[in-house]
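Participant: Could you work out the structure for the sequence below:
(chains A, B and C, ligands or ions: 4)
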Amino acid sequence: MTIPFFGKSIFVPSDIIAAWILSIVLGAILFIYVMNKRKWPLIWEYMRTTNHRKIGTMYILFGVIFFLRAGTDALLIRLQLAQPHAAFWVFQQEKYNELFTTHGTMMIFFVAMPLLIGLMNVAVPLQIGARDLAFPFLNAVSFWLFLAGAILFNMSFFFNSAPNAGWTGYAPLSTDTFTPSVGNDYFVFSLQVSGLGTIFTAINMIVTIVRHRAPGMRLTRMPLFSWATLITSFLILIAFSVLSMGLYLLMFDRMFGTGFFSGDTGNPVYWQHLFWIFGHPEVYILALPAFGIFSDIISTFSKKRIFGYPAMVLSIILIGFLGFMVWAHHMFTVGLGPMANTFFAITTMLIAVPTGIKVFNWLFTMRGGVVKITTPMLFALGFIPTFVMGGVTGVMLSVAAANFQYHDTHFVVAHFHYTIIGSTILGIFAGIYFWYPKVTGKVLDEKLGKWHFWLFIIGFHLTFLPMHVTGLQGMPRRVYTYQWGDDLFALNLTSTIGAFLMGSSMLFVGWNLYKTHKHGKKVGNDPWDGRTLEWTVQSPSQENTFEPMPIVKEMDPFWYAKVSGEKLRTTNNTRPAPISVNTILPFCIAFSLSIMSLGMIYTWYLLAVLGGASAFLLFIVRSLTDERKAYDLKEGHSNE
Amino acid sequence: MKNILIRIRLLVFACLLTGCDISVLDPQSKTADNQAFLISFSFALMMIVLIIVFLLMTRFVWKYRETEHNKNTIPKDIKGNKKLELTWTILPILLLTVLAVPTIAVTYNQSATTPKATTQDDAIHIDVTAQQFFWTFTYGNGKESTNELVIPENKSIVFHLKSTDVIHSFWIPSLGGKTDVLPEKELVYKIDNPKKGTYDGKCAEFCGVNHTKMRFTARVVSEETYQKWLTK
Amino acid sequence: MNEQAALFKDKQLGFLIYLFVESVMFATLFATYIIFTPAPSSPRPIDVFEAKSVILSSVFLLSSSGTLIFAEKGLNVRESKQNLTGLGITLLLGLIFLGLEIHEFYKYVQEGNGLTVNVFMSAFYVLVGLHAAHVTFGSGWMILLLIQYKTMKQSYQLYTEKQRIFQYYWHFVDVIWVFIIILVYLPYLL
Ligand code: HEA
Ligand code: HEA
Ligand code: CUA
Ligand SMILES: [Cu+2]
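Facilitator: Ligands and ions are numbered 1, 2, ... in the order given. This is a model prediction of the structure:
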């Protein structure tokens, strides 16, 4: 469709018009709802909050919204691939390229990451007996940076310039020579902004876990989700720093005429190294927290402590460590030579060992226990076979010479959906069902939860199992169609049907939320017969948790206290809690940075300078209005 | 559920074994044959792992599920078991060693290299130039063809791969795995002893708008036909 | 006091981790520089670098770490004059360093060796430029500290913490400079 615009007429594809209309309608509905229900104070409160539970809730809320968006992309992908020579709506050629790029990028950075970080925010402080994250203000900054990045990324689509070089942004395709539109600039800046937020979160988590544990909560007694969070945070520190610099160099290539990654002056393969030094640890950043969630859930619903706790901790550390030595298994076909190929093949295979230790420990946690199949547990039980299937195809992929065949085919697509959805997405669902009472005070409906699970898991296998075969059949990834002669029709159609089953399962989530909100009853502090400290505090957790502070004497302290019929001992003599405040500054900082990014993307440098300057100004304001000032005064440390 | 999964998986496995026209598993050259062997071999090893995990899981979930009877019992506190844990550390290592040996052997043999490293004389050398979005093949006598590759059967064919713009990837599923085609850096990939036939070739690295359409046909013909074709 | 110390320890640990992040970032850029230098086309590093300007700017930046330690001593014993002069001189040295850097960059560009002439120059500018940006940021930070010290609208303890954190930053930036000398300039000046 062409639209007149200041005397010019510009072409706007119909999907974008549809998206505009849809979001305006949804926006209007939302606005009217907020008006009628007088929710402005609530929104204002959340915009200024620094409380870990509230920030965690916002992470989860937006993560789910972006999941629907990226999932809609997936459905469009599947519709376009449903049959040979399909021409579904506009999604061919460049549009298809934009589709899988946004799908992949959003799912990884704006769905999986924030949902995991949201759960960490909600659960980790409560699990270890901290009253909040170490730096509540910084935590708010992290959140708003994530949201700013995500919104920036989404904007690109609404202005018909979505990124189109794949979530991996391989150079030289991603340089301005071959993709001159602003799409990939959006990619660079939105990842840069949200990545910064992720790094801050990692710092925050590490300091919280290292310094804010309850008395007696030794590292050797810490719940495994907290352990996973700790190790994941270390991975983030390194991985996201490298990504940040990769994007920094790509920005110079795209905007300032340097040639780091171009074919003739620089080295395109160097981008791949930088990207995968980030990218491979990233997949464990996604997997490890999920492992942690499952460890806690499986142990809770087997009524047994986790089997082989030291080995579980050790294997998290080992996976994290090995995760930095395998990146080139994504690059077996770029000609690094036989030596490098074998080296990376072997290191990659080694990761199966610690992962296997975890799998068997989970299984043996159930052995001899009393396995209660609640919705979170159901997700955990679905995770084990699903993830192991994804894991073993990973090992098959690591066989370098065989990888020459698998690489860049739908076999790889199958592998990583099995691992990511199998661990991360199932883990997130499990975690949301599990900790929902800590956020809202109500337990989600079990029956609808089970519907969600079964539809999702059946749809999942239906979607991705056939892709192993289509891949071996010769279907490359990132192609928008195939031919009748390729013999791919039946399997692809199956995939498409499966994807819609998965989509329909999400409707049950919506129904469940609605139903629980309307009819659900408040539950007590401990609806699941939990084992760890988070189940000792109120549901939803209040702002001043752990007063008085429990004293921990062993692993799973709450459980053993319950078993022996005693109360947890407590103390009032604790270290000072982090200082929470209400402030709009974090929101403003993130807003300034997105203005700056927009200025850069469209090379309106004046705007960029304005945004940057305002961010600096806000830093200064922050420094001058430090919450410690008021705190110090209150505590009687006047200006001696 | 678990049982169904196993069954589905077995079905796929059976399908893979009988070939059911899956191009990668129906190799038409020695190179692809080695790769197909690795695929089947690793798949078989992985099936062992899968079956063990599925069996254990089915058993534990079934045997220890919550019933009216055990609802209120508190299970015995078990911290771990050194012997068991050692078992599932060592067995996987053994399994992986078994997998690593053929992996290393074939990988050493087949990895793409830089031009200097290849010194086989009786091989046929073909220059492959990838460009958005088509393939050009240049033969020893200077003959060029576009999107159609013709090679003689039962020879060693050495491809000299080069791109003029972005990264592409050269792939003929039936004849052997892929190798990336990089700008400004020549890579060399060898395919041994192809069998007669006509096969699909594809660009396997996302390279822009018409990546999907960047396909070619590879015809493997007899020596005489090849020579005739060359001089035509 | 204990309370404040605990809160300060949090901040300290957090900031040190942040510096670790920065060092990974700089390490990446050092790797980039090493990979791309020398570039296939001219200019080569020897054609560009000049020992004189490197030595000069190093003298200023590295000595600023010393003056900052001097300031800290003053801070500890509440000698406000010592602290102020220390900080002031550090700021001055930092600004002179910046001036020299800008001059150096300007000269290179004048000689036709701008950001885009080849990958070696590009890698040089993105690395050394990022370092210079850090010095700029640090200078602004110092000005802010000086103002806060002068007005002192907070507890002395809190101010001390702020200056401590700044010191970590400044010393870190200096250490990066040492690495720049060793990895960027020295191999091509010797
Ligand atoms: C959560 C995410 C996640 C996880 C956990 C993994 C885990 C693994 N991955 Fe995967 N991978 C991805 C996400 C993930 N991956 C993504 C997103 C890509 C593609 C990116 C792109 O190109 O767009 C990818 C791509 C990818 C490739 C490159 C494919 C290609 O492009 O050619 C390879 C190759 O080696 C690989 C290997 C592995 C291995 C060996 C593991 C191992 O960690 C798996 C270990 C687990 C098990 C093995 C199962 C349990 C173990 C036992 C029960 C013990 C006994 C087992 C044995 C002895 C084998 N992955
Ligand atoms: C967290 C990671 C994640 C997740 C969860 C998913 C989930 C899904 N993915 Fe994706 N995928 C990736 C990460 C992920 N993916 C990545 C990294 C790539 C590579 C990209 C690249 O090549 O660059 C990829 C690529 C990819 C491809 C390959 C494209 C190609 O190479 O040509 C396909 C094809 O089928 C696919 C399908 C799906 C499907 C069907 C789902 C389903 O599970 C989705 C299920 C969810 C829903 C269906 C949402 C429900 C929505 C509704 C019910 C609608 C409601 C609507 C409104 C309210 C508006 N994905
Ligand atoms: Cu060429 Cu894809
Ligand atoms: Cu990987």
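
Participant: C-alpha only now, for contacts and for neighbours.
Facilitator: Will do.

Participant: longest helix of the chain?
Facilitator: All of this refers to chain A. Secondary structure assigned by DSSP state H gives helix A:268-302 as the longest helix of chain A.

Participant: ah, no, chain C please
Facilitator: Chain C, longest helix under DSSP H: helix C:2-36.

Participant: Could you list the low-pLDDT ranges of chain C?
Facilitator: Scanning chain C for pLDDT under 70 picks out C:1.

Participant: What is the distance between the longest helix of chain A and the centre of its chain?
Facilitator: 10 Å (CA atoms, centre = their mean, to the nearest Å).

Participant: between it and helix C:2-36, what angle do the directions make?
Facilitator: Helix A:268-302 runs at 140 degrees relative to helix C:2-36, counting by axes from the mean of the first three to the mean of the last three CA atoms, to 10 degrees.

Participant: so does helix A:268-302 get close to ligand 1?
Facilitator: Yes - residues of helix A:268-302 contacting ligand 1 under CA under 6 Å from any ligand atom: A:283, A:284, A:286, A:287.

Participant: ok, the residues you listed vs residue B:198, which is closest?
Facilitator: Closest approach between the residues of helix A:268-302 next to ligand 1 and residue B:198, by CA to CA: residue A:283, at 39.3 Å.

Participant: residues contacting that closest one?
Facilitator: Going by CA atoms under 8 Å, 6 or more residues apart in numbering or on different chains, residue A:283 touches residue A:420.

Participant: Which residues belonging to the longest helix of chain A are considered buried?
Facilitator: Within helix A:268-302, the residues scored as buried using 16 or more other CA atoms under 10 Å in any protein chain shown are A:268-302.

Participant: The nearest residue to residue A:434 once chain neighbours are set aside and ligand 1, how far apart?
Facilitator: Using CA to CA, 6 or more residues apart in numbering or on different chains and skipping the chain neighbours, the partner closest in space to residue A:434 is residue A:376 (5.7 Å). To ligand 1, residue A:376 is 19 Å away according to CA to the nearest ligand atom, to the nearest Å.

Participant: Figure out the helix or strand that residue A:376 lives in.
Facilitator: Using DSSP states H and E, residue A:376 sits within helix A:375-397.

Participant: do residue A:511 as well
Facilitator: Going by DSSP H and E, residue A:511 is part of helix A:489-519.

Participant: and that helix, does that touch ligand 2?
Facilitator: Yes - judged by CA under 6 Å from any ligand atom, helix A:489-519 and ligand 2 are in contact via A:499, A:502, A:503, A:504, A:506, A:507.

Participant: Read off the pLDDT value for the last one.
Facilitator: Same thing as residue A:507. Looking at residue A:507, its pLDDT stands at 95.

Participant: Chain B: helices as residue ranges?
Facilitator: B:2-17, B:30-63, B:82-110, B:223-231.

Participant: ranking those by mean pLDDT, which is last?
Facilitator: Looking at the helices of chain B, the bottom one is helix B:2-17 with a mean of 51.

Participant: touching chain C at all, stretch A:571-583?
Facilitator: Yes - for stretch A:571-583, a contact with chain C is found by CA under 8 Å from any CA of the partner chain, at A:575, A:576, A:578.

Participant: hang on, the earlier thing: may I see the buried residues of the helix or strand following the longest helix of chain C?
Facilitator: Where DSSP H and E defines the elements, the next helix or strand beyond helix C:2-36 is helix C:45-48. Along helix C:45-48, these residues count as buried under the neighbour rule (16+ other CA under 10 Å): residue C:45.

Participant: same deal with stretch C:157-168?
Facilitator: C:157, C:158, C:159, C:160, C:161, C:162, C:163, C:164, C:166, C:167.

Participant: try stretch B:97-105
Facilitator: Buried residues in stretch B:97-105 (16+ other CA under 10 Å): B:99, B:100, B:102, B:103, B:104.

Participant: Contact partners for the residue most central in space within chain A?
Facilitator: Centroid-nearest residue in chain A, with CA atoms, centre = their mean: residue A:113, separated by 1.7 Å. By CA under 8 Å, 6+ apart, residue A:113 lies in contact with residue A:286.

Participant: Next one: it, what pLDDT does it get?
Facilitator: At residue A:113, pLDDT is 96.

Participant: Which helix or which strand is home to it?
Facilitator: helix A:113-128.

Participant: That helix and ligand 2, are they touching?
Facilitator: No - figure legend: helix A:113-128 not in contact with ligand 2 (CA under 6 Å from any ligand atom); closest approach 8.4 Å.

Participant: continuing past that helix, what's the next helix or strand?
Facilitator: By DSSP H and E, the next helix or strand past helix A:113-128 is helix A:136-158.

Participant: Show me what that next one packs onto, helices and strands only.
Facilitator: Packed against helix A:136-158 by the contact rule (3 or more CA pairs under 8 Å, 6 or more residues apart in numbering or on different chains; DSSP states H and E) you find helix A:14-37, helix A:52-81, helix A:183-211, helix A:585-601.

Participant: model confidence over the third one, on average?
Facilitator: When pLDDT is averaged over helix A:183-211, the result is 96.

Participant: Buried residues of that helix, list them for me.
Facilitator: A:183-209, A:211.

Participant: returning to that earlier point: now the buried residues of stretch C:157-168 as CSV including secondary structure and distance to ligand 3?
Facilitator: Shown next, in CSV, are these (DSSP: H, G, I helix; E, B strand; the rest coil; distance: CA to the nearest ligand atom, whole Å):
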residue, secondary structure, distance to ligand 3
C:157, helix, 62
C:158, helix, 59
C:159, helix, 59
C:160, helix, 59
C:161, helix, 56
C:162, helix, 54
C:163, helix, 55
C:164, helix, 54
C:166, helix, 50
C:167, helix, 52
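
Participant: In chain B, which residue sits closest to ligand 1?
Facilitator: When scored by CA to the nearest ligand atom, chain B has residue B:92 as its residue closest to ligand 1, at 3.7 Å.

Participant: can you pull the contacts of the residue nearest to that residue when sequence neighbours are not counted?
Facilitator: Spatially, and ignoring its direct neighbours in sequence, residue B:92 is nearest to residue A:353 (6.1 Å; CA to CA, 6+ apart). The contact partners of residue A:353, by CA under 8 Å, 6+ apart, come to B:89, B:92, B:93.

Participant: Any residue of stretch B:43-50 touching chain A?
Facilitator: Yes - Stretch B:43-50 reaches chain A (CA under 8 Å from any CA) through B:43, B:46, B:50.

Participant: Please enumerate residues in contact with that stretch?
Facilitator: Under the contact criterion CA under 8 Å, 6+ apart, stretch B:43-50 has outside partners A:385, A:388, A:389, A:392, A:393, A:396, B:95, B:99.

Participant: try 6 Å this time
Facilitator: residue A:392 (CA atoms under 6 Å, 6 or more residues apart in numbering or on different chains).

Participant: Just the buried residues of it, please?
Facilitator: Buried residues in stretch B:43-50 (16+ other CA under 10 Å): B:43, B:45, B:46, B:47, B:49, B:50.

Participant: Kindly report the same for stretch A:436-445.
Facilitator: A:436, A:437, A:438, A:439, A:440, A:441, A:442, A:443, A:444, A:445.

Participant: looking at this, the first one is in a helix?
Facilitator: Spelled out, it's residue A:436. Yes - assessed with DSSP: H, G, I helix; E, B strand; the rest coil, residue A:436 lies in a helix.

Participant: Just give the nearest non-adjacent residue to it, would you?
Facilitator: Nearest to residue A:436 is residue A:443, by CA to CA, 6+ apart, at 6.3 Å.

Participant: Relative to chain B, how far out is that neighbour?
Facilitator: Distance of residue A:443 to chain B, computed by CA to the nearest CA, to the nearest Å: 20 Å.

Participant: What of residue A:258?
Facilitator: 17 Å.

Participant: What of residue C:42?
Facilitator: Taking CA to the nearest CA, one finds residue C:42 at 18 Å from chain B.

Participant: Ligand 3 versus that residue, what's the distance?
Facilitator: From residue C:42 to ligand 3 the distance is 32 Å (CA to the nearest ligand atom).
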